[in-house]
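**Student:** I'd like to go over a predicted model; first the sequence, then the structure.
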Amino acid sequence: MTISDYLDPFDAARQAAQAIGERSGTPQHDVAIVLGSGWGSAAEALGDVVWEQESARLPHFVGSTVPGHGGRVRSIRRGDSNVLLFMGRTHLYENHGAVPVAHQVRTAAAAGCHTIVFTNGAGSLNPAWLPGTPVLISDHINLTGASPLDGATFIDLTNLYSLRLRELCRTVAPELDEGVYIQFRGPAYETPAEIRMARTMGADLVGMSTALEAIAARESGMEILGISLVTNLAAGMTGDALNHEEVLAHGNASAQRLGGLLASVLDTLAVRN
């Protein structure tokens, strides 16, 4: 059952959060993580699994149609923290609309999460960032022409990706660089001309997710951390063709290291919050 035009999206999120609380036996969660393309195998390093279910069996979620996106949700216990883990996401290019894209974010907020970590697989516009490199997101550019906000909902997006959380990450991994992420609608990969445009606009990373979700997270009052895994150099930079299998392959090759990074970030968040 997906979100209809007649149901308030926040009511839908509360229904989903209530179902998660009842089925997992965990009435409140602290931190949410969204695992994007190539990040799935990192889940095993994050803590003890308390409960897991296909997200499509939760109220108003849509099933995953994208290879490499597991379409599952877990409740994880790590130390004293309850972590809500979304293995996969709904993308705008799946043509369900912006509200389903934001649904798991709003569900996380309704479940009590004060912090959300978005991960994704991204193309690099910086030739120094080779495939397998994790990069913190400092800001984004939304080129989808869409928004999860309804009507005259004015939300400040200054410091959308928390400077505090980026600094905490660097206490774990000082070598982490950061950059601006640009979201295209997809599902076609960008042309070399579009990549040149994106670079002129100030983008360092390119992908098909995250920006709309981050806007919804800010609306819901959560603190936001974004981490991109470079899975390829962007179109036109090498002359090679782009494909989704390459994205997943580079993610799987980096899975153990990425899982350790996320686990350390969670531990740092628990200490500092």
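**Tutor:** All right, it came through fine.
**Student:** Nearest residue to Ala32 in space, please, no chain neighbours.
**Tutor:** Nearest-residue entry for Ala32: Ala108, 3.6 Å, with adjacent residues in sequence omitted and distances by Cβ to Cβ, 6 or more residues apart in numbering. All C-beta atoms are positioned from the backbone trio N, CA, C, and that covers glycine.
**Student:** what about that neighbour, which helix or strand?
**Tutor:** Remark: Ala108 resides in helix 98-110, with elements defined by DSSP states H and E.
**Student:** Please state the mean pLDDT value computed over that helix.
**Tutor:** Averaging pLDDT along helix 98-110 gives 97.
**Student:** just checking, what packs against the helix or strand containing Arg166?
**Tutor:** Using DSSP H and E, Arg166 sits in helix 163-172. The contact analysis (3 or more Cβ pairs under 8 Å, 6 or more residues apart in numbering; DSSP states H and E) places helix 163-172 against strand 134-142, strand 223-233, helix 255-272.
**Student:** after it comes which helix or strand?
**Tutor:** Counting by DSSP H and E, what follows helix 163-172 is strand 177-183.
**Student:** contact partners of that following strand?
**Tutor:** Residues external to strand 177-183 that are found in contact with it (Cβ atoms under 8 Å, 6 or more residues apart in numbering): 120, 122, 126, 129, 133, 135-144, 166, 198, 201-212, 226, 228.
**Student:** which of these are buried?
**Tutor:** Buried subset of the contacts of strand 177-183 (neighbour count, 16 or more other Cβ atoms under 10 Å): 120, 122, 126, 129, 133, 135-140, 142-144, 166, 198, 203-212, 226, 228.
**Student:** Low-confidence regions, this protein specifically.
**Tutor:** Residue ranges of the chain with pLDDT under 70: 1-6, 65-70, 236-244, 246-253, 271-273.
**Student:** List the beta-bridge partners for the most centrally placed residue in it.
**Tutor:** For the chain, Phe118 is the residue whose C-alpha lies nearest the centre (Cα atoms, centre = their mean; 2.9 Å). In this entry, Phe118 is beta-bridged to Val34, Gly226, by DSSP bridges.
**Student:** List the contacts of it.
**Tutor:** For Phe118, the contacting residues are Val34, Gly36, Ile137, Ser209, Thr210, Glu213, Ala214, Ala217, Ile224, Leu225, Gly226, Ile227, by Cβ under 8 Å, 6+ apart.
**Student:** Same question for Met208.
**Tutor:** Per Cβ under 8 Å, 6+ apart, neighbours of Met208: His91, Leu92, Tyr93, Gln183, Phe184, Arg185, Gly186, Pro187.
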